[in-house]
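Colleague: fold the following.
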Amino acid sequence: ALRLKVPELVMLDLDEDFGRTEGDEEIQDLLQTSRGLNVGLHFLSGALTLNPVVNQVDERLASRIVWLDAFLTNVDRTVRNTNMLMWNREVWLIDHGASLYFHHSWRDWEKAMLSPFPYIKEHALLRKASHLEEADRECRELLTPDKLAEIVDLVPDEWLQWDGMELTLDEIRDVYKTFLTERLKNSHIFLKQAIDARQALV
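Modeller: Purely as a prediction, here's the structure:
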């Protein structure tokens, strides 16, 4: 939706036999808990991990990526683990499993919704993100409330069901839609945090 490059998404349905022949018990446990519907990313042959010191990244692109990660509260795009690849001289984004971190515990989502997101200070591209206000304007135009609702509605039902959750599927979807639309509406909160964090660096 933000015209950033992400490898093609593929749905994978893994049956009950998946992982049974793995010798390592820890890995076997991980594989067995992956049974059912999964999402995978297309393999980018020859891609290399982006190094923010070595690789040239356009400042406007860097600003959009930083904005996205502040919006989604993504804590895992740091220098230690950029979760970005260089492929065909372009930046590709991978592994967004640490985004929307409120939903890993499903607590205080209303508070997280309006968080300034201080972890943005660790972002691998923050130094290069010199056009954050421009990125905010552009991204807010592309991510309308209708677009966000459309994205949430694409999430398969079985990914919204887990032990201990008392909300219905519709109620869970409403939480995500409210979180995203209200966070977008109040983007000035996390935008200021990102700008201040960058100024502290440069």
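Colleague: residues in contact with the residue nearest the centre of the chain?
Modeller: Geometric centre of the chain, nearest residue: H96, 3.7 Å, by C-alpha atoms, centre = their mean. The neighbourhood of H96, defined by C-beta atoms under 8 Å, 6 or more residues apart in numbering, consists of 72, 74, 83. No exception for glycine: its C-beta is placed from N, CA and C like everyone else's.
Colleague: please report how far E182 lies from A200.
Modeller: Between E182 and A200 the distance is 27 Å, computed by C-beta to C-beta, to the nearest Å.
Colleague: please say which of those two ends up with more neighbours.
Modeller: Remark: of E182 and A200, E182 carries more neighbours, 13 against 9, as counted by other C-beta atoms under 10 Å.
Colleague: residue contacts, the more buried one?
Modeller: With C-beta under 8 Å, 6+ apart, E182 has these contacts: 113-114.
Colleague: and the next element down the chain from the helix or strand where it lies?
Modeller: In the assignment (DSSP states H and E), E182 maps to helix 169-185. Once the chain leaves helix 169-185, the next helix or strand it forms, by DSSP H and E, is helix 187-201.
Colleague: quick one: list the elements packing against that following helix.
Modeller: helix 59-71, helix 132-142 (3 or more C-beta pairs under 8 Å, 6 or more residues apart in numbering; DSSP states H and E).
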